[in-house]
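Novice: I would like to see how this sequence folds:
(one chain, ligands or ions: 2)
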Amino acid sequence: MNGKIMPKELIIIAYISEALASIRYRIFSEKAEDEGFRGFSRLFRALSHSEYIHTKNHLMRVGGSRGIQKLVTFSEVFLGNTGENVESALRVEEFEYYEMYPAFIEVARVHGDKLAELSFRWTLEVEKVHVDLLRSAKDYIERGCDWPSSSFWICKYCGNIAINVKGIARCPVCGSAIDSYYEIS
Ligand SMILES: [Fe+2]
Ligand SMILES: [Fe+2]
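Specialist: Ligands and ions are numbered 1, 2, ... in the order given. Model prediction:
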């Protein structure tokens with residue numbers, strides 16, 4: 001290994017980071033519900049599903065790795081009120097989008113690990129969607145508003161989140177047919 005970080009190690013870091021995000025967003029969703037924000041509760045539920053799919057995709061790429069992993073993860077261990085939770089989520093998503101996944105993609109590319117690179121690329125594109133949703137969420141909460149009630153659709157292959165799937169034939173991230181999307185109620 002020569003002390004070099006390998007794509008498989010990054011896949012494991014990504015797997016753990018996404019798994020923690022999925023659980024954290026589920027908790028943020030419950031917190032928003034408790035505070036009477038039904039819209040933010042639904043938004044965090046959609047984000048949790050999306051991160052779950054990233055977790056699953058990364059785990060499938062880990063394949064036959066066994067044993068206990070001792071690796072750092074990129075995650076915030078945090079629970080506040082819904083406004084603070086939105087800000088925490090946005091910080092992590094921006095880090096993943098601007099720093100973590102671009103670096104991971106580069107390592108996978110240099111090592112010629114096409115499957116790891118694809119998993120990172122899909123996730124990067126969806127993290128951009130998460131960043132945009134959370135920037136809007138921050139605007140709403142700063143104006144004292146709940147997230148406007150709208151449904152969310154999730155791609156079961158790449159975790160992409162769409163507000164609306166009418167008139168769309170294929171997932172813009174992974175290219176699968178739009179019937180791979182399921183609705184979050
Ligand atoms: Fe995300
Ligand atoms: Fe997709």
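Novice: quick one: contacts for the residue of the chain found nearest ligand 1?
Specialist: Ligand 1 sits closest to residue 130 of the chain, with a gap of 3.7 Å, by Cβ to the ion. To be clear about C-beta, it is placed using only N, CA and C from the backbone, and glycine gets the same treatment. The contact partners of residue 130, by Cβ atoms under 8 Å, 6 or more residues apart in numbering, come to 47, 50, 89, 93, 97, 161.
Novice: the last one against residue 47, yeah?
Specialist: Meaning residue 161. Yes: between residue 161 and residue 47 there is a contact at 7.3 Å, judged by Cβ atoms under 8 Å.
Novice: what's the pLDDT at residue 3?
Specialist: Note for residue 3: predicted pLDDT of 62.
Novice: for ligand 2, see how far away residue 42 is.
Specialist: Between residue 42 and ligand 2 the distance is 20 Å, computed by Cβ to the ion, to the nearest Å.
Novice: tell me the helix or strand right after the strand or helix carrying residue 48.
Specialist: In this structure, residue 48 sits in helix 38-62 according to DSSP states H and E. Reading on from helix 38-62 to the C-terminus, the next helix or strand found by DSSP H and E is helix 82-95.
Novice: show me what that following helix is packed against.
Specialist: Packing partners of helix 82-95 (3 or more Cβ pairs under 8 Å, 6 or more residues apart in numbering; DSSP states H and E): helix 7-34, helix 38-62, helix 114-142.
Novice: enumerate the residues of the protein near ligand 1.
Specialist: 93, 127, 130 (Cβ under 5 Å from the ion).
Novice: could those residues go into a markdown table alongside distance to residue 169 and pLDDT?
Specialist: Shown next, in a markdown table, are the residues of the chain next to ligand 1 (distance: Cβ to Cβ, whole Å; pLDDT from 0 to 100):
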| residue | distance to residue 169 | pLDDT |
| --- | --- | --- |
| 93 | 27 | 95 |
| 127 | 24 | 97 |
| 130 | 23 | 97 |
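Novice: what's the closest of the residues you listed to residue 104?
Specialist: Residue 104 lies nearest to residue 127 out of these, by Cβ to Cβ, at 11.3 Å.
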